[in-house]
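> turn this into a model:
(one chain, ligands or ions: 2)
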Amino acid sequence: MPKLILITGATAGFGRAIARKFAENGNNLIITGRRQDRLDDLARELTGKYNIEVLPLCFDVRKLPEVETAIASLAGSWRDIDVLVNNAGLAVGLNPVHEGVIDDWERMIDTNVKGLLYMTRLVSPLMVARKQGHIINIGSIAGREVYPMGNVYCGSKFAVDAITKGTRIDLVAHNIKVTQIAPGAAETEFSMVRFKGDETRAGSVYKGFTPLSAGDVADVVFYVTTLPGHVNINDLVLMPTAQASAAITHKV
Ligand code: NDP
Ligand code: 8X3
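Ligands and ions are numbered 1, 2, ... in the order given. Reported below is the predicted structural model:
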């Protein structure tokens with residue numbers, strides 16, 4: 001039986017790989033992000049390859065009216081969302097707190113925390129009404145351990161950890177699974193965003209070891225949705241073998 005999966009941040013990295021993984025397994029998708037051209041390309045690719053339906057919705061998770069309009073636009077069976085993957089997120093900058101850029105902090109908190117909350121607030125009632133659903137929040141090893149200059153990004157991911165736990169408690173009576181997937185270093189567009197397009201700095205993050213790929217994370221996200229109804233993975237930390245902790249990576 002195909003499921004309907006809503007993925008935020010499906011224009012790149014984990015989100016796009018998660019979309020591809022669910023599509024190749026015959027599921028229908030709502031894919032979201034701010035880049036309409038990438039959403040259209042992905043929808044074309046996936047409907048061309050697989051016998052599935054894909055609905056692209058272009059909006060900014062930081063803007064509550066845009067999120068409200070997007071979710072209100074869902075009609076008929078598009079409201080029957082089985083899995084919400086709260087993936088859209090970013091790190092911006094890597095500075096000690098006394099030199100932090102406040103606009104960077106606001107972007108991270110607005111996207112990683114408030115955007116995830118807006119999506120959860122608007123999609124979870126649809127799940128509660130159907131007494132079924134699965135919310136998967138993409139946290140991070142940065143939400144378990146703080147590393148130098150990670151200050152606000154780590155804070156936003158610690159918030160995801162707490163919000164995930166709280167969401168699980170509040171929705172347990174409604175038969176809704178709530179899972180956090182917390183990856184370590186993965187090579188996506190993440191570091192290009194963090195270092196504001198500086199390819200040399202971004203590339204150096206992944207030199208000397210094998211990071212996770214977006215596909216590795218997608219495989220795990222897909223796996224947690226394949227378990228029987230009475231089984232939930234609450235929390236899963238997924239690391240490159242060469243990364244022992246947030247700040248310790250064995251590089252050669
Ligand atoms: P990418 O930069 O490759 O992808 C980020 C995605 O988020 C894009 O699709 C982007 O879409 C979307 N996004 C960002 N801001 C917004 C916004 N305001 N509104 C809507 N969509 C937005 O990064 P990753 O795939 O690596 O990151 C995905 C998630 O995984 C993030 O939450 C990140 O914090 C987390 N993570 C990443 C790790 C890594 O090492 N890469 C490790 C652990 C966690 P668009 O720009 O089109 O809006
Ligand atoms: C991204 C992983 O360790 O670079 O969440 O912050 S890390």
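
> who's in contact with Lys251?
Lys207, Gly208, Phe209, Ala242 (Cβ atoms under 8 Å, 6 or more residues apart in numbering). To be clear about C-beta, it is placed using only N, CA and C from the backbone, and glycine gets the same treatment.

> for the first one, pull up the helix or strand it's in.
When elements are defined using DSSP states H and E, Lys207 is found to belong to no helix and no strand.

> hang on, the earlier thing: got a markdown table for the contacts of Lys251, with distance to Arg16 and pLDDT too?
As requested, the contacts of Lys251 are arranged in a markdown table below (distance: Cβ to Cβ, whole Å; pLDDT from 0 to 100):
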| residue | distance to Arg16 | pLDDT |
| --- | --- | --- |
| Lys207 | 24 | 98 |
| Gly208 | 26 | 98 |
| Phe209 | 23 | 98 |
| Ala242 | 24 | 98 |
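
> now these in JSON lines, please, with extra columns for distance to Leu117 and neighbour count.
Output for the contacts of Lys251, formatted as JSON lines (distance: Cβ to Cβ, whole Å; neighbours: other Cβ atoms under 10 Å):
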{"residue": "Lys207", "distance to Leu117": "36", "neighbour count": "9"}
{"residue": "Gly208", "distance to Leu117": "37", "neighbour count": "11"}
{"residue": "Phe209", "distance to Leu117": "34", "neighbour count": "15"}
{"residue": "Ala242", "distance to Leu117": "34", "neighbour count": "16"}
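
> give me the subset of these touching ligand 1.
Counting by Cβ under 6 Å from any ligand atom, nothing from the contacts of Lys251 sits close to ligand 1.

> so which of those residues is the closest to Phe158?
Ala242 (24.1 Å; Cβ to Cβ).

> quick check on the residue nearest to that closest one when sequence neighbours are not counted: phi, psi?
Closest residue to Ala242 apart from its sequence neighbours, by Cβ to Cβ, 6 or more residues apart in numbering: Phe209 at 3.9 Å. Here is the backbone geometry of Phe209 (degrees, to the nearest 10): phi -160, psi 170.

> separation between Phe209 and ligand 2?
Going from Phe209 to ligand 2 by Cβ to the nearest ligand atom, to the nearest Å gives 13 Å.

> need the contact list for that residue.
Contact analysis of Phe209 by Cβ under 8 Å, 6+ apart lists Pro240, Ala242, Gln243, Thr249, His250, Lys251, Val252.

> interface residues of the stretch 151-252 of the chain facing ligand 1?
Pro183, Ala185, Ala186, Thr188, Glu189, Phe190, Val193.

> give the contact list for the fourth one.
Yep, that's Thr188 we're talking about. Ala12, Gly13, Phe14, Ala214.

> roughly how far apart are Ala246 and Arg144?
7 Å (Cβ to Cβ, to the nearest Å).

> neighbour-wise, which of these two wins?
Ala246 (20 against 17; other Cβ atoms under 10 Å).

> which residues of the stretch 101-250 of the chain lie near ligand 2?
Proximity of the stretch 101-250 of the chain to ligand 2 (Cβ under 6 Å from any ligand atom) is limited to residues Ser140, Ile141, Ala142, Gly150, Gly184, Ala185, Ala246.

> between these, which has the most around it?
Neighbour tally across these (other Cβ under 10 Å): the maximum, 28 neighbours, falls on Ser140.

> which residue is the nearest non-sequential neighbour of that one?
Among residues not flanking Ser140 along the chain, Lys157 sits closest, at 4.3 Å (Cβ to Cβ, 6+ apart).

> same question for Leu94.
Met149 (4.7 Å).

> which ones are touching that neighbour?
Counted by Cβ under 8 Å, 6+ apart, Met149 has contacts Leu94, Asn95, Pro96.

> isn't there a helix covering it?
No - looking at Met149 with DSSP: H, G, I helix; E, B strand; the rest coil, it is coil, so not inside a helix.
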